Every structure is written in C-alpha cells, then in structure tokens.
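1. Give me the fold of what follows.
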Amino acid sequence: MIDITIQNFESELLQASLQQPILLDIWAPWCGPCKSLGPTLEKLETAYAGRFKLAKLNSDEQPEIANQLSQAFGVRSIPFCVMFAGGQPVDGFVGAIPEAQIREFLDKHVPSGEALEAAEELAEAETLLADGDTDAALARLQEAVTLDPANETARFDLVRALLELGLTAQAHEAFEPVAVRAADTITPHARFAALGHWLRAAEQSAAGIDAAVLSTAIAANKRDFDARFALAQQHFAAQRFVEAMDELLEIIMRDKAWNGELARKTYVAILELMTKPMPKTAGGTAVPAKSALELAGHATTAPSDPVLDQYRRKLSMALF
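-> Here you go, the predicted structure:
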C-alpha cells in the first residue's frame, strides 16, 4: 500500500498502473465509512496476492487530486475508490460496500491468478530470448499460452519465435486459435494479421519454385507479378524483410490492386512485424504542485527506426 500525493501521483499511480492495476482509496480522517472500508481493502490486497495494488489518498491533504477525480466520475462523497489500469482511471465505486461486491468489482479489472502466472512466464521468456536461450524461452512462452490462452503478447511471441526457428507446423498450430481474428475483414488484429501473412509465406515458400527460376522469370518479364510475389514470399519466410518489401514495392508501383491488393497487405504486414512494440515501462516525472493535474500520463512512443521510416515513405509514395 502506498500513500498518493501530488508529488508521486504520476510515477506511483499513473505510470505504475501500466504494470499492475491499482485501486485508489480516497478517504478522510473524519469519514466514518472510510474507517470501515479501509481494513477490508487491505485484507483484499493481501488475499489477491499481487493481482492489484492498493493506494490511498487523503482528500483533506490532497484536495486537487481528489476534486479532479470526483469531477471526472461525477462523485461528491467519500469513500470513493478508483481503479487505475494502463495509466488511466477506468472505473470506480462509492461507499463502504460489502466485501462480496468489492470482489466482483476487482474481478472485472484485475488479472486472474493464471494470467498473472502467464505474465511472469512471458517476462522470463523475454529475458531468455534476449540472452539467446531460445529453447528455454519457447518452453516459457508455451507455458504462458497454456496458462492464459487470451494473452495476446504471449501468443504473438510464441508464434513469432516458432517462425523464426523455421518450425512452421508448430507455428500453425499455435496460430490457429487467433486465425479468425487475423482474417477479420472489418476489424482485423494487426499483429495477428501480420503473423498470418508470415505463416502463409513460410508454408508457400517450403513448396515453392527455386529462387533462381523466379529471378529468371522476372528478368524476362518485369510484370510477372506471380513470380515476383513468390520471390517476395521466399524472402519473407527467410526473414529477409527488406528484400521482400523491395519485390512487393515493384508490384505495388505497377499495379496497386493486383490480386486484391495482396502485395500492399503483405508489405504492411512486414512493416508491422518490424515495428518494435511499445515500451512496457516509462519513467514518470512527478507532476509539479504548481501545474494542473493531468489524469493521463505522458505519451509513450516507440523509438524511431530509419529503415522502417524509409519503407513507410516508399509505400506512401507508391500509393499516392
């Protein structure tokens, strides 16, 4: 449990909630219901064993924060509890409600025990991958997906790792539960859709024509888009992403609509795969007391990649 002040609001509440849900208990020393609610919340923090963190804010000592949260939720009384997740206030409740109702509230916002274990396995896998211990990392990723099948990051990392190792059959099996989301024509999941393109490239490349034969066909006819796309697929499957995009760009420049815009869609998938994920942590700076309180933390952006920037510009120029 931590006491929130104007000085640590951003670092200990907004930024910290990027890593773990935080329940903020807004109370005051003179508030009778607050005194009965507090021990229940502390008991639940222990019972939930790390699935959320409890923070407390004395509304008499920190009126600026308390007033802004009250206005945001249209609440005029305390105790008032606000759940923070992903750097934002997402839900709340008012009053010293029964423990059973608090548990119902928490269960809507905090990860399950299995999800928490999966997150730990994923973190360990990322460390192992960085150290080059691929086999151990794969075992961790598979365990994470088993524990929490809905963990998108774990599944993405697992399928990607399998494809990087050339284990196409295993990658196909791991990808199958999210294949429908990847193929959704209205709201496709961008990262899973990208994996789907990579998986198809790997499968088609394994049974494809020799690269030398494809290159000869392209040299004879630069508009042989089937041959050029097949060559791009081979580059893609072998993780020669830049070479793949170069071939796809040749198709896009000559015929943007070819084969249902397949060249463009594959190009975009490669860009997605090359894009580094958003950092999971961000160093927070305490909000100065003299400034207006910001309920949203500072924006976190992934570092720029000159190759990605170059190929995004190339695609834009080819399309427009």
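2. The stretch 201-320 of the chain: helices as residue ranges?
-> 211-220, 225-237, 241-254, 258-274, 306-319 (DSSP state H, counting those that start in this stretch).
3. Please work out which of those helices is packed deepest.
-> helix 225-237 (a mean of 23; mean count of other CB atoms under 10 Å). From N, CA and C alone the C-beta is placed, and that goes for glycine too.
4. who does the helix or strand of the chain with the lowest mean pLDDT touch, helix- and strand-wise?
-> Least confident element among the helices and strands of the chain, by mean pLDDT, DSSP states H and E: helix 113-130 (a mean of 82). On a contact count with 3 or more CB pairs under 8 Å, 6 or more residues apart in numbering; DSSP states H and E, helix 113-130 meets helix 134-147, helix 152-164.
5. That one: which residues count as buried?
-> By neighbour count, with 16 or more other CB atoms under 10 Å as the criterion, the buried positions of helix 113-130 are 115-119, 121-122, 124-126, 128-129.
6. Only C-alpha atoms, please: export that helix in CSV.
-> Output of helix 113-130 as CSV, limited to C-alpha atoms (Å, rounded to 0.1, in the frame of the first residue of the first chain):
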residue,chain,number,x,y,z
GLY,A,113,-4.1,-15.9,-11.0
GLU,A,114,-3.4,-17.8,-14.2
ALA,A,115,-3.0,-14.6,-16.1
LEU,A,116,-0.5,-13.3,-13.6
GLU,A,117,1.5,-16.6,-13.8
ALA,A,118,1.4,-16.3,-17.6
ALA,A,119,2.8,-12.7,-17.4
GLU,A,120,5.6,-13.9,-15.2
GLU,A,121,6.4,-16.7,-17.7
LEU,A,122,6.3,-14.2,-20.5
ALA,A,123,8.7,-11.8,-18.7
GLU,A,124,11.1,-14.7,-18.1
ALA,A,125,10.8,-15.8,-21.8
GLU,A,126,11.7,-12.3,-22.9
THR,A,127,14.8,-12.3,-20.8
LEU,A,128,15.8,-15.7,-22.1
LEU,A,129,15.3,-14.6,-25.7
ALA,A,130,17.5,-11.6,-25.1
